[in-house]
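K.L.:
Prediction below, plus the sequence it came from.
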Amino acid sequence: DAVTDSSMSRSAREAPRANKDSSTPASPSSLIANALQRALPVGGHNATEKRVRIFQHKSPKASPKDSPKLSPKLSPMESPLQSPKMLRLSPKALRSKMRGHSRSDLSEGVPRPIGSAVVSASANQRCLVKNAVQSLSWRTDVFELDAATDGHVCFILAEELLEHHGLIERFGIDLVVLRRFLSSLEAQYGSNPYHNSVHAADVMLGVHLFLVRFNLRSRLTEEQLLAALLAALVHDFNHPGTNNAHECKVISRRAILHSDQSVLEHHHLASAFELMRHRELNVLRCLSPTQYSEVRTLMIDMVLHTDLAKHFDFVQKLESWQYRGYAAFKEAESRAASFKSVATAGTDANLSTPRSSRADVRPDLLRASRIAG
């Protein structure tokens, strides 16, 4: 009897092991879930989970343990900070996690609308910016304007310049759309010490001063003027705080995406136009297809010319035309070069430079003004 009891207890202990090792046929829902997960493109997990749940609900043989758990993944252009796990963190924990990511990783996210809320500006703040636009003075301190406008000089100045040049009325730009676009742009411009929304306002105001003081405004069409101001506004949008050489050396996703050619300039343009893909933020939706194509082409050309790798070749072209005067300006190539010079002048003729050095900041712009007559 003792032997019989011992053998029975031994067989009882081995029975679960045998059941565990034996393979049971997978249910249809498990097979389909596995197939969907293998064929699933990145970013489509929510839809797949819904299909699996529907199938399991209809299948009488399905059980929760049969279907694999699908883990959410990030899309290729999504920031690591947008993952569901990160979004559940408290602000303090999120800041702590951010320190573990490089600036390059944090800047990969695609700019998105920030909602229907727009920046509110008082009448006094708008008056201060309007006076700066109308004064045509190189002594305007953009940092003081930013402090006086509670950090919204980019938003207020951009709207004021478009209004000052009559572009809002000329193209029928919707003020609600414009203010939403400027609010989203300013909020996501970037917080690095130099390439931020204050720098964007600085460059935009500088382009305005060059166009008016050198009497080039009258030689531009409304489409060219709109493109110049918008190019100045977005030329450093969503800047990661690196340079093109760094992006190429570390083989960043931006460098791969833009084939090592003017990487950051292409990145700024793509970020700005990605923001405008949202209808509620598309300030150019009021343009005809022909006008839109012209403005977009000019914006791309001008922002790409802010790449310093192209600067010296461009200056040489201007020098070859400077003594030919208006005859050279009438030629398509030299007229375009002159326009690019004016439109990109503000990128290094910043109003925040010492007052005494501003007269010598851009000698190539003087050459462009001679070409224009």
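P.N.:
That came through fine. Quick caveat: nothing in here was measured; it's all calculated off a predicted structure.

K.L.:
do you know how far the closest residue to residue 190 other than its chain neighbours is from residue 204?
P.N.:
Closest residue to residue 190 apart from its sequence neighbours, by Cβ to Cβ, 6 or more residues apart in numbering: residue 239 at 4.8 Å. For every residue, glycine as well, the C-beta is placed using N, CA and C. Separation of residue 239 from residue 204 (Cβ to Cβ, to the nearest Å): 15 Å.

K.L.:
Please say which of these two ends up with more neighbours.
P.N.:
Under the criterion of other Cβ atoms under 10 Å, the comparison of residue 239 against residue 204 puts residue 204 first, with 26 against 23.

K.L.:
The more buried one in helix, strand or coil?
P.N.:
Following DSSP: H, G, I helix; E, B strand; the rest coil, residue 204 is assigned to helix.

K.L.:
Touching, it and residue 155? I think so.
P.N.:
No - contact between residue 204 and residue 155 fails when scored by Cβ atoms under 8 Å: they sit 11.3 Å apart.

K.L.:
what's the burial count for the closest residue to residue 298 other than its chain neighbours?
P.N.:
In space, and not counting its chain neighbours, residue 298 is closest to residue 227: 3.6 Å by Cβ to Cβ, 6+ apart. Residue 227: 25 surrounding residues under other Cβ under 10 Å.

K.L.:
tell me which element residue 227 falls in.
P.N.:
Residue 227 is located in helix 222-234, with elements delineated by DSSP states H and E.

K.L.:
elements contacting that helix?
P.N.:
helix 153-164, helix 167-171, helix 197-213, helix 263-276, helix 289-304, helix 332-344 (3 or more Cβ pairs under 8 Å, 6 or more residues apart in numbering; DSSP states H and E).

K.L.:
can you rerun that using 10 Å?
P.N.:
With contacts taken as 3 or more Cβ pairs under 10 Å, 6 or more residues apart in numbering; DSSP states H and E, helix 222-234 sits against helix 153-164, helix 167-171, helix 175-187, helix 197-213, helix 263-276, helix 289-304, helix 332-344.

K.L.:
Now tabulate these in JSON lines and tack on distance to residue 252 and mean pLDDT.
P.N.:
As requested, those are exported to JSON lines (distance: least, Cβ to Cβ, whole Å; pLDDT from 0 to 100):
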{"stretch": "helix 153-164", "distance to residue 252": "26", "mean pLDDT": "97"}
{"stretch": "helix 167-171", "distance to residue 252": "36", "mean pLDDT": "97"}
{"stretch": "helix 175-187", "distance to residue 252": "23", "mean pLDDT": "95"}
{"stretch": "helix 197-213", "distance to residue 252": "22", "mean pLDDT": "93"}
{"stretch": "helix 263-276", "distance to residue 252": "8", "mean pLDDT": "96"}
{"stretch": "helix 289-304", "distance to residue 252": "18", "mean pLDDT": "95"}
{"stretch": "helix 332-344", "distance to residue 252": "24", "mean pLDDT": "58"}
